[in-house]
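*Asks:* Just to be clear, the model below is a prediction. Sequence and coordinates:
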Amino acid sequence: MLLFPFPLCPTDLCFVIYSLFMPCFFSAPEELYATQLSQLQEMGFFDTRENIQALIATAGNVHAAVERLLGNPGQ
């Protein structure tokens, strides 16, 4: 259970939960996957658009994104 130093009404609690978890749903993919994009570029994958598509399709899994970019999406 979350403990706060002050009482929260249900509306405040919803705002706290929203603030903690919703930014990842509204962040630009370039921001959300910035670390993974850097890793892919270090590996020689320079097409940002393709990299983002692969990361979105693999929920940010760099290994799976590399496989997808290489044309082996099932491995």
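*Replies:* Received the coordinates, thanks.
*Asks:* Please count neighbours and contacts with C-alpha atoms only from this point.
*Replies:* Noted.
*Asks:* What is the neighbour count of Gly44?
*Replies:* A count of nearby residues for Gly44, using other CA atoms under 10 Å, gives 9.
*Asks:* Next one: it from Leu37, what distance?
*Replies:* For Gly44, the distance to Leu37 (CA to CA, to the nearest Å) stands at 11 Å.
*Asks:* tell me the pLDDT at Thr11?
*Replies:* As predicted, Thr11 sits at a pLDDT of 60.
*Asks:* before we move on, what about Leu3?
*Replies:* Leu3 is assigned a predicted lDDT (pLDDT) of 54.
*Asks:* For Thr58, what are phi and psi?
*Replies:* phi -110, psi 10 (degrees, to the nearest 10).
*Asks:* Would you agree Leu55 is in contact with Arg68?
*Replies:* No: contact criterion CA atoms under 8 Å: Leu55 and Arg68 do not qualify, at 9.1 Å.
*Asks:* Looking at those two, which is more packed in?
*Replies:* Per other CA under 10 Å, whichever of Leu55 and Arg68 has more neighbours is Leu55, with 25 against 20.
*Asks:* residues contacting that one?
*Replies:* Neighbour list for Leu55: 33, 36, 61-62, 65 [criterion: CA atoms under 8 Å, 6 or more residues apart in numbering].
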